[in-house]
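Chemist: Quick one: sequence plus predicted model below, questions after.
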Amino acid sequence: MAEINIVDQANNVVGTRELSADIFDVKVNAGFVHRVYTALASAQRAGTSASKTVAMVSGGGKKPFKQKGTGRARQGTTRAAQMRHGGVAHGPNANTTFTTRINRKERRAALHMVLSNAVREGRIVILNKLELPEVKTKGFVSISKALSVTSGLYVLGAPNQDVELSARNIPHTKVVLDAQITIHDLLKFDCIVLTEDALNKIEGGLV
């Protein structure tokens, strides 16, 4: 099992802790993580693009020319897909879904791999607590500077409105609860800051 230092908000070491090997020391399969990541990213897409089929395009009630005798290919409507101003064949529609099924075990396994890799790269910081006396962006910035974090995902074990509101307008910073962490956020930010409370819940629930 990996051992990691626990620091306070001033970045002073206040203790050490053994991390759970089931979460923070697993073998990483990059291909598997990529498959889960792309599936979750695809699920966020909305089917907003659409095109009109022959049935939806206005006009086209009149046959463009007679069936026989012109030497041209027979046509039944001016709104066919091959005609100018015609409908679109096999185009996108608002009901298109991009979801790929990923079960809970796969999502958990991918999260464990990403967290394990973050530990090996030294991207995880364990805080004994993260608290602010009031909603103050400057107060949160001072904590980030003390921890030398310029791009950070802060994970709390319980809601804290003062912390969440203080970090809301800081670039490259996001505050989430332990149950809200995603592969996207873990890979997006350079540093992952976990409170001890959040770490206890993650290890207790195995994410």
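Modeler: Noted; the coordinates are in hand.
Chemist: could you give me the average pLDDT of stretch 140-155?
Modeler: Across stretch 140-155, pLDDT averages out at 92.
Chemist: Touching that stretch from outside, list them.
Modeler: 7, 9-11, 125, 127, 130, 132, 163, 166-167, 170, 172-178, 181, 185-186, 188-195, 198, 202 (C-beta atoms under 8 Å, 6 or more residues apart in numbering). C-beta coordinates here come from the backbone N, C-alpha and C atoms, glycine included.
Chemist: Give me the buried entries from the residues you listed.
Modeler: Applying 16 or more other C-beta atoms under 10 Å to these, the neighbour count classes 7, 9, 125, 127, 130, 132, 163, 166-167, 173-175, 178, 181, 186, 189, 191-195, 198, 202 as buried.
Chemist: From those, which land in strands?
Modeler: In strands, defined here by DSSP state E, the members of the buried ones among the contacts of stretch 140-155 are V7, V125, L127, T173, K174, V175, C191, I192, V193, L194, T195.
Chemist: which one among these gets closest to K68?
Modeler: Checking these against K68 by C-beta to C-beta gives K174 as the nearest, at 68.5 Å.
Chemist: Test for you: state the pLDDT assigned to that closest one.
Modeler: 93.
Chemist: Show the end-to-end separation of stretch 122-142, please.
Modeler: Distances were taken as C-alpha to C-alpha, to the nearest Å; on that basis the terminal residues of stretch 122-142 are 21 Å apart.
Chemist: who's in contact with the most centrally placed residue in the chain?
Modeler: A centroid search over the chain (C-alpha atoms, centre = their mean) returns H184, at 3.6 Å, as the residue closest to the centre. Taking C-beta under 8 Å, 6+ apart, we find H184 in contact with Y37, L40, A41.
Chemist: what secondary structure does it sit in?
Modeler: In the three-state summary, H184 is assigned as helix, counting by DSSP: H, G, I helix; E, B strand; the rest coil.
Chemist: And it, how far from L111?
Modeler: Distance from H184 to L111, counting by C-beta to C-beta, to the nearest Å: 11 Å.
Chemist: Same check on G31?
Modeler: Between G31 and L111 the computed distance is 16 Å (C-beta to C-beta).
Chemist: So for these two, which sits in the more crowded spot?
Modeler: Set G31 next to L111 and count neighbours by other C-beta atoms under 10 Å: L111 wins out with 20 against 7.
Chemist: what's the helix or strand for that one?
Modeler: Secondary structure assignment for L111, by DSSP states H and E: helix 104-120.
Chemist: just the angle between whichever strand or helix holds K145 and strand 191-195, please?
Modeler: Taking DSSP H and E as the criterion, the element that holds K145 is helix 137-146. Interaxial angle, helix 137-146 versus strand 191-195 (axes from the mean of the first three to the mean of the last three C-alpha atoms, to 10 degrees): 110 degrees.
Chemist: what's downstream of helix 137-146, the next helix or strand?
Modeler: Taking DSSP H and E, what comes next after helix 137-146 is strand 152-156.
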